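Trainee: here's my sequence, what's the structure:
(one chain, ligands or ions: 1)
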Amino acid sequence: MDILNLTIVQLREMLKKKEISSVELTGYYLDRIGKYNGELLAYLRTTDDYAMDMAAEADEKIARGEDAPLLGIPLGMKDILCTKGVETTCASNILKGFVPPYDATVIRNLKEAGFVHLGRLNMDEFAMGSSTENSAFQTTSNPWDTSRIPGGSSGGSAAAAASGLCVAALGTDTGGSIRQPASLCGVIGMKPTYGRVSRYGLIAFASSLDQIGPFSRTVSDCATMLGVIAGHDPMDSTSIPEPVPDYQSFLGKDIKGLRIGIPAEYFVEGMEEGVRKNYEDNLQVLKDQGATLVDVSLPHTRHAVATYYIICTAEASSNLARYDGVKYGLREEGKDIIDMYKKTRFKGFGKEVKRRIILGTYVLSSGYYDAYYRKAGKVRTLIRHDFDEAFTSCDLIVTPVSPTTAFKAGERLEDPLTMYLSDIFTIPVNLAGLPGISIPGGFDAKGLPIGLQIIGKPLDEGRILQAAHVFESVKKVPTIPERYR
Ligand code: GLN
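Mentor: Numbers count the residues shown, from 1 in each chain. The predicted model follows:
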């Protein structure tokens, strides 16, 4: 039996028919983690006993005839989602040992849907980064080539999905942190519309951009996961009070007549030849399935990265002010309270986090606020208008996810600008609050995965999944490297 290739819907059928138990399924995944996590370092920590208890409970519910979309399904969680009684560190020394007294709304939703919590997935510290190299604890490897990074910041989630160390996982995306690692690891990763998924209990990086979303090996599993985590939540004032559609119902529909926008500005300098070629091939695949390709323009794209690094650092400097050694995690004693703050923050935060706090404090300081922060807000509006305009002539926009495939560990560490610029295709989507997915599009000459991004109008996740499913069914790109099959 090929457990790794079964969707959640198929696994649920088997569980219902008692062809497998959740305890067996969970044991299977924990064994795989035991076997492969040493080389991949996708998980920071596993929660074996907790997982086995949840699995046993799921089996009891199944025996009683209960049903729920994730009942008995083992999943991995990015270590940024507060989980009651489970250490949650954000891959930072400052939160080492922090055990939340409450569940994030997504965790509560997953629990109600019956999931099994396998463990905590590695990430860049406070989700700042594109490679997981900013984790205070370990750098995750890319399952397709372990000398390369898996992308970031949700690199642990992407690597775990790609190597079959979970059925699916959750990650977060502020400027590309779901889509970019999904692309670099050759799995599916979706950032929902801003406000579609509650951020309550998600440790904040940049609150006006952060969104939680799924990683999976199939579009069907992405639809299942999204259906469970999406929905209105009074605990998050930016949460959208709209009903959640049945995302599975979009799968299997064709895309004849669908208008797909191709933005001229996304053919950027520095895009690898292999990535460009694959993108063009994939547009042809969509065309062959009956979609119409239309040229669109997103003229403010070139300002997106700069705008993002003003807004996200400003919000981060404010959000991270709460780590003062008083309420959470690490505390370094000092001669007075200011000295204690200084010593705690100096020791607790890593280099990239400090860089962002300094940048953010600067762009918010008096005299610079108007020149930087206020102006960035205006450019953000222009970027959103670009998309509004483009969507008057198309239903979806299709672009590459990242200008390059996975790079070597260490390659960009001393060059934060190159690291920042690689998010050029994902950042505008966050600034505009739109939903976007990365789906496996194929491989470059080195055998490294290349993702294809599908962007939709607000709350149009269903249509994105519809197109992604058509593409997946036709192109059939393998999502697990040979070694881990
Ligand atoms: N790579 C981007 C950054 O470093 C995006 C991170 C994210 O989406 N969390 O900020």
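Trainee: ok, then the element right after the helix or strand Gly156 falls within?
Mentor: Using DSSP states H and E, the element containing Gly156 is helix 155-162. Of the helices and strands lying after helix 155-162 in sequence (DSSP H and E), the nearest is strand 168-173.
Trainee: strand partners of that following strand, parallel vs antiparallel please.
Mentor: Neighbouring strands of strand 168-173 in its sheet, by DSSP bridges, are strand 74-78 (parallel), strand 211-216 (antiparallel).
Trainee: what about the closest residue to the ligand within the stretch 251-400 of the chain, which SS state?
Mentor: The ligand sits closest to Cys312 of the stretch 251-400 of the chain, with a gap of 5.7 Å, by Cβ to the nearest ligand atom. (C-beta placed from N, C-alpha, C; glycine too.) Reducing the assignment at Cys312 to three states with DSSP: H, G, I helix; E, B strand; the rest coil gives helix.
Trainee: 27 is where my numbering starts, stick with that
Mentor: With 27 as the first residue, the last one maps to Cys338.
Trainee: burial measure for it, as a count.
Mentor: Number of residues near Cys338 (other Cβ atoms under 10 Å) recorded here: 27.
Trainee: with the one 4 residues further on instead?
Mentor: Ala342 has 24 neighbours, counted by other Cβ under 10 Å.
Trainee: how much space separates the residue lying closest to Tyr388 once chain neighbours are set aside from Pro240?
Mentor: Nearest residue to Tyr388 in three dimensions, chain neighbours excluded: Tyr394, at 6.2 Å (Cβ to Cβ, 6 or more residues apart in numbering). Distance of Tyr394 to Pro240, given as Cβ to Cβ, to the nearest Å: 38 Å.
Trainee: the residue of the stretch 277-426 of the chain closest to the ligand: what's it in contact with?
Mentor: Counting by Cβ atoms under 8 Å, 6 or more residues apart in numbering, Cys338 makes contact with Thr200, Gly201, Phe231, Ala232, Leu235, Arg382, Gly386.
Trainee: out of those residues, which touch the ligand?
Mentor: Among the contacts of Cys338, proximity to the ligand is found for Thr200, Gly201, Phe231 (Cβ under 6 Å from any ligand atom).
Trainee: which residue sits closest to the second one in space, ignoring its chain neighbours?
Mentor: Leaving aside its chain neighbours, Gly201 sits nearest to Ile453 (4.6 Å; criterion: Cβ to Cβ, 6+ apart).
Trainee: and that neighbour, what pLDDT?
Mentor: Looking at Ile453, its pLDDT reads 98.
Trainee: just to revisit the earlier point, for the residue nearest to Tyr388, grab the count of nearby residues.
Mentor: By other Cβ under 10 Å, the burial measure for Tyr394, its neighbour count, is 14.
Trainee: likewise for Leu41?
Mentor: Neighbour tally, Leu41, other Cβ under 10 Å: 22.
Trainee: would you agree it is in contact with Glu50?
Mentor: No: Leu41 is beyond contact range of Glu50, at 9.6 Å (criterion: Cβ atoms under 8 Å).
Trainee: the most centrally placed residue in the chain: what's it in contact with?
Mentor: Centroid check for the chain by Cα atoms, centre = their mean gives Ile204 as the closest residue, at 2.3 Å. By Cβ under 8 Å, 6+ apart, the contact set of Ile204 is Ser180, Ser183, Gly197, Thr198, Gly215, Met216, Lys217, Gly239, Phe241, Ser464.
Trainee: and the pLDDT for the closest residue to it other than its chain neighbours?
Mentor: Leaving aside its chain neighbours, Ile204 sits nearest to Gly215 (4.2 Å; criterion: Cβ to Cβ, 6+ apart). Gly215 is assigned 99 on the pLDDT scale.
Trainee: quickly list what Gly215 is bridged to.
Mentor: Here Gly215 sits in beta bridges with Phe241, Ser464, as judged by DSSP bridges.
Trainee: what sits against it?
Mentor: The neighbours of Gly215, taking Cβ under 8 Å, 6+ apart as the test, are 180, 183-184, 197, 199, 204-205, 207-209, 239-241, 463-464, 477.
Trainee: now, which of the residues you listed lie close to the ligand?
Mentor: Asp199.
Trainee: of all the contacts of Gly215, which comes closest to the ligand?
Mentor: Nearest to the ligand out of the contacts of Gly215 is Asp199 (Cβ to the nearest ligand atom; 5.0 Å).
Trainee: burial count for the closest one?
Mentor: Using other Cβ under 10 Å, Asp199 has 28 neighbouring residues.
Trainee: excluding covalently adjacent residues, which one is nearest to it?
Mentor: Lys217 (3.9 Å).
Trainee: would you mind measuring from the one you found to the ligand?
Mentor: As defined by Cβ to the nearest ligand atom, to the nearest Å, Lys217 lies at a distance of 8 Å from the ligand.
Trainee: next one: Glu508
Mentor: Glu508 sits 29 Å away from the ligand, going by Cβ to the nearest ligand atom.
Trainee: break down the stretch 227-376 of the chain into its strands, ranges please.
Mentor: 237-242, 285-289, 318-322 (DSSP state E, counting those that start in this stretch).
Trainee: in CSV, list the ones you listed along with mean neighbour count and mean pLDDT.
Mentor: Formatted as CSV, the strands of the stretch 227-376 of the chain follow (neighbours: other Cβ atoms under 10 Å; pLDDT from 0 to 100):
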stretch, mean neighbour count, mean pLDDT
strand 237-242, 29, 98
strand 285-289, 20, 98
strand 318-322, 15, 98
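Trainee: and which of the contacts of Cys338 is nearest Arg328?
Mentor: Proximity of the contacts of Cys338 to Arg328 (Cβ to Cβ) peaks at Gly201, which lies at 15.7 Å.
Trainee: okay, now the closest one: neighbour count?
Mentor: Neighbour count of Gly201, defined by other Cβ under 10 Å: 29.
Trainee: residues contacting it?
Mentor: Applying Cβ under 8 Å, 6+ apart, the residues near Gly201 are Ala232, Leu235, Tyr334, Cys338, Asp449, Thr452, Ile453, Asn456.
Trainee: all helices of the stretch 377-511 of the chain, in order?
Mentor: For the stretch 377-511 of the chain, the helices defined by DSSP state H, counting those that start in this stretch occupy 377-390, 401-416, 442-447, 453-458, 487-501.
Trainee: which of the ones you listed is buried the deepest?
Mentor: helix 453-458 (a mean of 28; mean count of other Cβ atoms under 10 Å).
Trainee: for it, list the C-alpha coordinates in CSV.
Mentor: Output in CSV follows, covering the C-alpha atoms of helix 453-458 (Å, rounded to 0.1, in the frame of the first residue of the first chain):
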residue,chain,number,x,y,z
ILE,A,453,5.4,40.0,-2.3
PRO,A,454,2.9,42.0,-4.5
VAL,A,455,0.3,39.4,-3.7
ASN,A,456,0.6,40.0,0.1
LEU,A,457,0.6,43.7,-0.4
ALA,A,458,-2.7,43.4,-2.3
